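# Give me coordinates for this.
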Amino acid sequence: MFWNKNSKVSQEEPGLSDKCQAEAEQLYRSGKYHCAEAVLETVRRQFAPDLPESIVGTVSGFGGGSGSGCICGAVSGGTVALGLVLADKKETTHLTKELHTWFKEKYGVTCCKTIKQTHKGVCPVLTGEVAGKVAEMLSQKS
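Presented below is the predicted three-dimensional model:
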């Protein structure tokens, strides 16, 4: 696992979730990162800055629903980000379920293809929202 035992997840700074949301959306819109990469890079910068940016390459295949159109890359990137930062497998699993539930409540599904059909042009926004949600969840852990 890539978790750094010396890295501590602190209580949420005022606006950290909003900052992460804006940063991930901007990274996506820049064209340098797709959804999964933007979420992971934002979380890496805020919660595991000692890890190299090259770690983001581990999720390069997740954009566009991992090539098949299903599971949203932002959700996949958020799932990887949780595992990257958290030390506990059980806690990672719990928060992953929480992330998926939150996303399904917001968008109805986690399927990239369906989201693109029903919510045209939403990818930059939902990328930011996922990064913000992951930051919020991680900030609540100490």
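# helix, strand or coil for residue 50?
When classified by DSSP: H, G, I helix; E, B strand; the rest coil, residue 50 comes out as coil.
# Let me see the contact set for the residue positioned nearest the centre of the chain.
By C-alpha atoms, centre = their mean, the mean C-alpha position of the chain lies nearest to residue 78, the distance being 2.6 Å. Residue 78 makes contact with 39, 43, 99, 130-131, 133-134, according to C-beta atoms under 8 Å, 6 or more residues apart in numbering. Any C-beta I mention is one placed from the backbone N, CA and C, and that applies to glycine too.
# rerun that using 6 Å as the cut-off
39, 99, 130, 134 (C-beta atoms under 6 Å, 6 or more residues apart in numbering).
# Which helix or which strand is home to it?
Taking DSSP states H and E as the criterion, residue 78 maps to helix 73-85.
# Give me the distance between that helix and the centre of its chain.
Averaging C-alpha positions (C-alpha atoms, centre = their mean, to the nearest Å) puts helix 73-85 5 Å from its chain's average.
# go on, stretch 127-142?
Its chain's C-alpha centre and that of stretch 127-142 lie 8 Å apart, by C-alpha atoms, centre = their mean.
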